[in-house]
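# need a 3D model of the following:
(2 chains)
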Number of protein chains: 2
Amino acid sequence: MYRQDLACRKDKNKTMTDNINKLMDRISVEIAGLDLGMPPVELYEPVGYCLSLGGKRMRPLMTLLGCELFGGEADTAMPAAIGLELFHNFTLMHDDIMDNAPIRRGKPAVHMKWNANTAILSGDVMFALAYQYMFKVPDQHLREVVELFNKTVLEVCEGQQYDMNFESMVQVTEEEYLEMIRLKTAVLPAACLKAGAIIAGASHDDADNLYRFGETVGLAFQLKDDWLDVFGDEAVFGKKSGGDILANKKTWLYIKALELANERQRELLLKGFGNLIADPDEKIRVVKDVYHSLEIGQLALGLIKSYHDRAFEYLDRIDVPAAAKEDLLQLATGLLHRST
Amino acid sequence: MYRQDLACRKDKNKTMTDNINKLMDRISVEIAGLDLGMPPVELYEPVGYCLSLGGKRMRPLMTLLGCELFGGEADTAMPAAIGLELFHNFTLMHDDIMDNAPIRRGKPAVHMKWNANTAILSGDVMFALAYQYMFKVPDQHLREVVELFNKTVLEVCEGQQYDMNFESMVQVTEEEYLEMIRLKTAVLPAACLKAGAIIAGASHDDADNLYRFGETVGLAFQLKDDWLDVFGDEAVFGKKSGGDILANKKTWLYIKALELANERQRELLLKGFGNLIADPDEKIRVVKDVYHSLEIGQLALGLIKSYHDRAFEYLDRIDVPAAAKEDLLQLATGLLHRST
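Numbering: from 1, shown residues only, chains lettered A, B, ... in the order given. Okay, here's the model as predicted:
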């Protein structure tokens, strides 16, 4: 439904630090080396296929960076990093069935390449493999990490449920929307960072501040994603503008516009989202016009900026030398200022 | 919220020891008390519904008995017992989608009462809740229990995959079939027993023998299930005989019959399972006739008896006083001699 994809492309890596690029390479090697060759091939092959579709591997990167931030060796956090990436990919496999999404990263989604049953069962096994990797966390931190992971899993499921509920709701409040994207999108990067911190032996307060940092960056990221869909440069963004409008997605932009609209604008929005404008281009134009009149784009950027600032406040509070925070600063800045 | 069924079937309990009946009641109370009232209701309500459909709660009972066998307090093993029952119910929720099974324990399956998406996502959350309960195992035994659990989860998924594969395979060997039911059906009760044993601090050898006992009872149980479907007394078994034949299920009976059949019998079996006999009663009659001529029923009972004997050998090897084994003996005997 909403793009959870923090995936990056090679050209973006130029903006990343050498250490980030090095860690990315280690993650790629690790994922490429996963042994999924055991029988039955019908069960494990779709898991390998799903992972092979790529993505930027932002979540495992965050786990390694969360670990390094507190002086930990990235390798100590690698199994948890892989577990979190497996979990993320499992959610994509099941979400694609539920959302009836045929394409994932330019290739057929698992339920299209095989069928829904395959995507259900291979998804389940991928979920179990995620736990298997989480259980490789050293004894000392095992319980804390798996409990964080499990809490996050439940929250991500809850977020997906709210997202599906919203489809049939006439009105969704801003608060409800922000809580939905927090659960569906933001708690996972937050947990990735915190898992790394726990493994490195960070203090409770530091680990919590890092969690808040990740959660707030995650919220800003999703809002930027909503913004790019409508206001992004089609040539740079690489896809046709207005996809969310066409799909009647109740994004923050739509919810805020409905809240601020006068009678006439409200009517136009409801007409557009009620499928009463048959021509797709016309539908996008009408809704965008309302967004423009209400300056919804600027309001969204303002909210993104406030999350951005809050995220960096959380990062500031963490008790490690400023230099150690460089990678995370760079990563978050890259994610929030992206144009694609 | 659905009221959990507190009533274990009274008529069955008469054959069980007082201690088993007492433990069953504790399990029922525990399951009835599970807090599933948190939002979103659309996500957690189907979990409660699925649990409310009942079942014999054999798996959690095994965990408690496995714990008591080695002098452990049943309560120590209760969270793991609940986790294992949650996992079992999760597999039913997802399997019913994959098998397109509309009815579960006489009531609409979750994917029928709601829809497939609900059964996928509520299943996922139920799976995560299962892990949450497994994580309540005391620190000392946490890793060993969750690793056993996770290995079992992967095996159960593999078993379901083999079962689905068999549908489109022309010939399945006896060995392949036995491995499939071992994975799909037998490793879970084995793991339930062993988890209880680990929590009670059993020796490695004792825990392993208990695992083998459970696995072997599980195999015998599934073979008895196949047998009852064809040779069970309809009035006692409570369902129409020959359901597996109608569904073209390649059970041990079919596989063995095909192996032993002469040309003519082989033709009849393939005709029946190739949907070339339109009338259902006629199809069942033809296949049953072949089974009877080949004495497949007796052969099956012979195999069940050999698993039965082997199971009790494993139980014998466990180094605890004979009196402590009474409940497990009673339970296994009840399961293997059942007529329903």
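
# and residue A:242, how many residues sit next to it?
For residue A:242, the neighbour count with other CB atoms under 10 Å in any protein chain shown is 19. Heads up, the C-betas are built off the backbone N, CA and C, glycines and all.

# ugh, typo on my part, it should be residue A:105
Counted with other CB under 10 Å, residues neighbouring residue A:105 total 13.

# how far away is it from chain B?
The gap separating residue A:105 from chain B is 21 Å, by CB to the nearest CB, to the nearest Å.

# ok, residue A:51 next?
Taken as CB to the nearest CB, the span from residue A:51 to chain B is 17 Å.

# wait, that residue touches residue A:34, no?
Yes - counting by CB atoms under 8 Å, residue A:34 is a contact partner of residue A:51 at 7.0 Å.

# so for the two, which residue has more residues nearby?
A count of neighbours by other CB under 10 Å puts residue A:51 above the other of residue A:51 and residue A:34, at 19 against 16.

# contact partners for the more buried one?
A:31, A:34, A:85, A:86, A:89 (CB atoms under 8 Å, 6 or more residues apart in numbering or on different chains).

# next, the closest residue to residue A:273 other than its chain neighbours: phi, psi?
Nearest residue to residue A:273 in three dimensions, chain neighbours excluded: residue A:248, at 4.8 Å (CB to CB, 6 or more residues apart in numbering or on different chains). Backbone torsions of residue A:248, given as degrees, to the nearest 10, read phi 60, psi 40.

# residue A:248 against residue A:275, yeah?
Yes - the criterion here is CB under 8 Å, and residue A:248 meets it with residue A:275 at 7.2 Å.

# which one's more surrounded, these two?
residue A:248 (14 against 9).

# quick revisit: farthest-apart pair in the contacts of residue A:51, please.
Based on CB to CB, the longest span within the contacts of residue A:51 runs between A:34 and A:89 and measures 11.1 Å.

# quick one: the helix or strand bottoming out on mean pLDDT in chain A to chain centroid distance?
Within chain A, confidence by mean pLDDT, DSSP states H and E is lowest for helix A:234-237 among all helices and strands, at a mean of 70. With CA atoms, centre = their mean, to the nearest Å as the basis, helix A:234-237 stands 20 Å off its chain's centre.

# just the pLDDT for residue A:2.
Looking at residue A:2, its pLDDT stands at 35.

# state the number of residues packed around residue A:64.
31.

# how much space between the closest residue to chain B within the stretch 201-340 of chain A and residue A:168?
Closest residue of the stretch 201-340 of chain A to chain B, CB to the nearest CB: residue A:250 (15.8 Å). From residue A:250 over to residue A:168 the distance is 11 Å, taken as CB to CB, to the nearest Å.

# and if you look at residue A:145?
Residue A:145 is 37 Å from residue A:168, by CB to CB.

# compare these two (neighbour count), which wins?
Using other CB under 10 Å as the criterion, residue A:145 and residue A:168 rank with residue A:145 on top: 25 against 6.

# right, and the more buried one touches residue A:195 too?
Yes - using CB under 8 Å, residue A:145 is in contact with residue A:195, at 5.3 Å.

# intersection of neighbour lists for those two?
Taking CB under 8 Å, 6+ apart as the contact rule, residue A:145 and residue A:195 both touch A:80, A:137.

# list the contacts of residue A:283.
A:245, A:246, A:272, A:277.

# helices - which of those residues land there?
A:245, A:246, A:272 (DSSP state H).

# look up the closest residue to the second one, ignoring the ones flanking it.
So that's residue A:246. residue A:280 (5.7 Å).

# surely the one you found and residue A:248 touch.
No - at 11.7 Å, residue A:280 does not count as touching residue A:248 under the criterion of CB under 8 Å.

# just the endpoints, please. Distance across stretch A:34-45?
12 Å (CA to CA, to the nearest Å).

# typed the wrong thing, it's stretch A:133-141
Start-to-end, stretch A:133-141 (CA to CA) is 14 Å.

# right, is it up against chain B?
Yes - Stretch A:133-141 is in contact with chain B by CB under 8 Å from any CB of the partner chain, via A:135, A:139.

# report the buried residues of that stretch.
A:133, A:134, A:135, A:137, A:141 (16 or more other CB atoms under 10 Å in any protein chain shown).

# again with stretch A:296-316
In stretch A:296-316, counting by 16+ other CB under 10 Å, buried: A:296, A:299-301, A:303-304, A:307-308, A:310-312, A:314-315.

# cool, stretch A:277-286 as well?
Those would be A:277, A:283, A:284, A:286, for stretch A:277-286 by 16+ other CB under 10 Å.

# could you check how far residue A:231 is from residue A:259?
With distances taken as CB to CB, residue A:231 is found 19 Å from residue A:259.

# my bad, should have said residue A:107
For residue A:107 relative to residue A:259 (CB to CB), the value is 38 Å.

# same check on residue A:329?
Residue A:329 is 34 Å from residue A:259, by CB to CB.

# residue A:101 too?
Taking CB to CB as the measure, residue A:101 falls 29 Å from residue A:259.

# and what of residue A:51?
Counting by CB to CB, the gap from residue A:51 to residue A:259 is 41 Å.

# just residue A:47 next, same as before
43 Å.

# of the two, who's got more company?
More crowded of residue A:47 and residue A:259, by other CB under 10 Å: residue A:47, with 21 against 13.

# which residue packs closest to that one, ignoring adjacent ones?
Per CB to CB, 6+ apart, closest to residue A:47 is residue A:126, 4.9 Å.

# that older thread, let me know the closest of the buried residues of stretch A:277-286 to residue A:22.
Distance to residue A:22 across these (CB to CB) is lowest for residue A:284, with 42.2 Å.

# surely the closest one is in contact with residue A:247?
No - taking CB under 8 Å as the definition, residue A:284 is not a contact partner of residue A:247, at 11.1 Å.

# quick revisit: taking the buried residues of stretch A:296-316 one by one, which sit in helices?
A:296, A:299-301, A:303-304, A:307-308, A:310-312, A:314-315.

# any chance of those in JSON lines, with distance to residue A:182 and pLDDT too?
Below are those laid out as JSON lines (distance: CB to CB, whole Å; pLDDT from 0 to 100):
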{"residue": "A:296", "distance to residue A:182": "21", "pLDDT": "98"}
{"residue": "A:299", "distance to residue A:182": "19", "pLDDT": "98"}
{"residue": "A:300", "distance to residue A:182": "16", "pLDDT": "98"}
{"residue": "A:301", "distance to residue A:182": "19", "pLDDT": "97"}
{"residue": "A:303", "distance to residue A:182": "13", "pLDDT": "98"}
{"residue": "A:304", "distance to residue A:182": "14", "pLDDT": "96"}
{"residue": "A:307", "distance to residue A:182": "11", "pLDDT": "97"}
{"residue": "A:308", "distance to residue A:182": "16", "pLDDT": "95"}
{"residue": "A:310", "distance to residue A:182": "13", "pLDDT": "97"}
{"residue": "A:311", "distance to residue A:182": "13", "pLDDT": "97"}
{"residue": "A:312", "distance to residue A:182": "18", "pLDDT": "96"}
{"residue": "A:314", "distance to residue A:182": "14", "pLDDT": "98"}
{"residue": "A:315", "distance to residue A:182": "18", "pLDDT": "98"}
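
# any idea how many residues pack against residue A:326?
Neighbours of residue A:326 using other CB under 10 Å come to 14.

# so which strand or helix has the closest residue to residue A:43 other than its chain neighbours?
Spatial nearest neighbour of residue A:43, excluding adjacent residues (CB to CB, 6+ apart): residue B:161 at 4.1 Å. Element membership of residue B:161, judged by DSSP states H and E, is helix B:139-167.

# which neighbouring elements make contact with that helix?
Helices and strands touching helix B:139-167, as assessed by 3 or more CB pairs under 8 Å, 6 or more residues apart in numbering or on different chains; DSSP states H and E, comprise helix A:41-52, helix A:116-134, helix A:139-167, helix B:74-98, helix B:116-134, helix B:174-181, helix B:187-199.

# can you state the direction angle for the fifth one and helix B:139-167?
This means helix B:116-134. Counting by axes from the mean of the first three to the mean of the last three CA atoms, to 10 degrees, helix B:116-134 lies at 150 degrees to helix B:139-167.
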